[in-house]
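In: I would like to see how this sequence folds:
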Amino acid sequence: MRIGLIGTGRIGAFHAETMRAVDGVDAVLVADADAGRARAMAEAAGLEAVPDVEALYVEGIDGVVVTAATSAHAALVHQALERGVPVFCEKPVALDVPGTREVVAHAEASGVPVQVGFQRRFDLGYRAAKQALEDGDLGWLHTVRAVTGDASPPPAAYIPTSGGLFRDCSIHDFDILRWLTGREVVTVSAWGANRGADFFTGSGDVDTAVALLRFDDDLLGTVTATRYNGAGHDVRLEVCGSRDARFVGLDDRAPMPTAERTLSWQQATPYATFLERFHDAYVAELTRFADVVAGRTPSPCSPAEALEALYVAEACELSRHRGLPVDVAEVRESTDLPGATARR
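Out: Reported below is the predicted structural model:
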C-alpha cells in the first residue's frame, strides 16, 4: 500500500520512518504546506516528496497520515474523506467542539475510517491495567490518578493555536481514563496556574493545571498537567480498586527521584520527551492503521470517541474560568459553543 504523510515536524518525521517499516507499506509520500521542508525531510529519510497535498491524491494513495499543524487537521481530514481515503490524524481532529462535530458527522456519513492518534491506548502498561480491571483483579474502582508533565515547555509560537493545556495535553488523560474504565466523566472541577513564561498568560493559557473528575459510577479521579516538570517527561496513572491496584509509567526511566533512603528498583536515564516515553505505542498504533487501511480491522479510536474526550477538556476549561464545578452535559448539549468556521 502507498501512504501519504502530511506534515514534516518532529512527530511527522517519526511517523514517516515508522510507516515505511510497517509490513505491507510499499511507499510513503511526504507533503507539507512548505514544499521545501517536505523535500528536505524526504531526502533525509529516503522517501518521496510531492509538491503539495493535492498531489498525494493525484499520485494515488491508499491512506493518509495527518501530522500537520493542529489548525489544519480538520480541513485535511475532510479532504481525505471527500476522496474516500482512510485517514490517521494526530489529536485533535479539530480545534474546538463545533469543528470536531463536523468531522464526526462527515466520517459517519462517508463510512471512510478515521483513526485518531491517542497512542496511550497502545501502550503495554495501560493495556495491562485495563486487562486487570476487566479480569476482575482490581474489584471496583474508587480512585484514578493521572499525571502528564512535560520536561520543558513548547515554543511560544505553539501555544496560541494549541487549544490550551486541558485540550492539548490533558485530553490524553481524559481519553485514556474513558477507555480504560469504560465510564463517562459527568462533573469536573478544574484549576490552573502560571508560574513560568509570560507567553502562557498572554495566550489565555496556563502552564500547570489540576482537575477533579467524578464519573457516572461515582469513581473519583484526578488529572494533573504541567509544562515545567524539570525531572523529565512524566506520564503515569494509578488505578486503585477494592481488591487491588495498578500503576502505569513508574518504570526504571520514570522521572521520579526518590526522597527515601532506599529504593527497590533501578533508576535509569529519565524520559526526556513523549517520543521516548511512547515510542513503542506510536509504532503499534501506526501498525494498526495499516490494518485499518487494508480493511482488516475497524478504527480503534474514532472521531466520535475523540469528541467525548474533548467534551471533558472543554468542561475543565469552563470550570477553570468560572471557578466552579461544571457538568460535562452542559458542553455536550450546547449548540452555541464558540469556534469552528464552516467547512470549506
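In: contacts for stretch 93-113 next, please.
Out: Identification of contacts with stretch 93-113 by Cβ atoms under 8 Å, 6 or more residues apart in numbering yields 70-71, 73-74, 77-78, 80-82, 84-87, 92, 114, 116, 161, 163, 292-293, 298-299, 302-304, 306-307, 310-311, 314, 331, 334, 337-341, 343. Quick note: C-beta positions are derived from backbone N, CA and C, even for glycine.
In: just the ones of the residues you listed in strands?
Out: 87, 114, 116 (DSSP state E).
In: out of these, who's the most crowded?
Out: Among the ones in strands among the contacts of stretch 93-113, Val87 has the most neighbours (other Cβ atoms under 10 Å), with 31 neighbours.
In: tell me the bridge partners for it.
Out: Val64, Val114 (DSSP bridges).
In: so it sits against Ala74, correct?
Out: No - under the criterion of Cβ atoms under 8 Å, Val87 makes no contact with Ala74, lying 11.3 Å away.
In: in stretch 259-277, what's buried?
Out: Across stretch 259-277, burial judged by 16 or more other Cβ atoms under 10 Å covers 270-271, 274, 277.
In: cool, and stretch 156-168?
Out: Going by 16+ other Cβ under 10 Å, stretch 156-168 has these buried residues: 159, 162-168.
In: next: stretch 297-315.
Out: Residues of stretch 297-315 classed as buried by neighbour count (16+ other Cβ under 10 Å): 299-315.
In: SS state for Ala192?
Out: For residue 192 the amino acid is Gly, not Ala. Of the three states, Gly192 takes strand under DSSP: H, G, I helix; E, B strand; the rest coil.
In: return the residues in contact with it.
Out: Contacts of Gly192 (Cβ under 8 Å, 6+ apart): 165, 206, 208-210, 320.
In: of those residues, which belong to strands?
Out: Short answer: the contacts of Gly192 in strands (DSSP E) are 208-210.
In: any idea how far Arg277 is from the closest residue in space to Gly204 that isn't next to it in sequence?
Out: Ranked by Cβ to Cβ, 6 or more residues apart in numbering and with sequence neighbours excluded, the top spatial neighbour of Gly204 is Gly164, at 7.4 Å. Gly164 sits 22 Å away from Arg277, going by Cβ to Cβ, to the nearest Å.
In: can you check Gly63 too?
Out: 26 Å.
In: pLDDT at Leu337, what is it?
Out: pLDDT for Leu337: 60.
In: most distant residue from the centre of this protein?
Out: Residue farthest from the centre of the chain, counting by Cα atoms, centre = their mean, is Arg261 at 36.7 Å.
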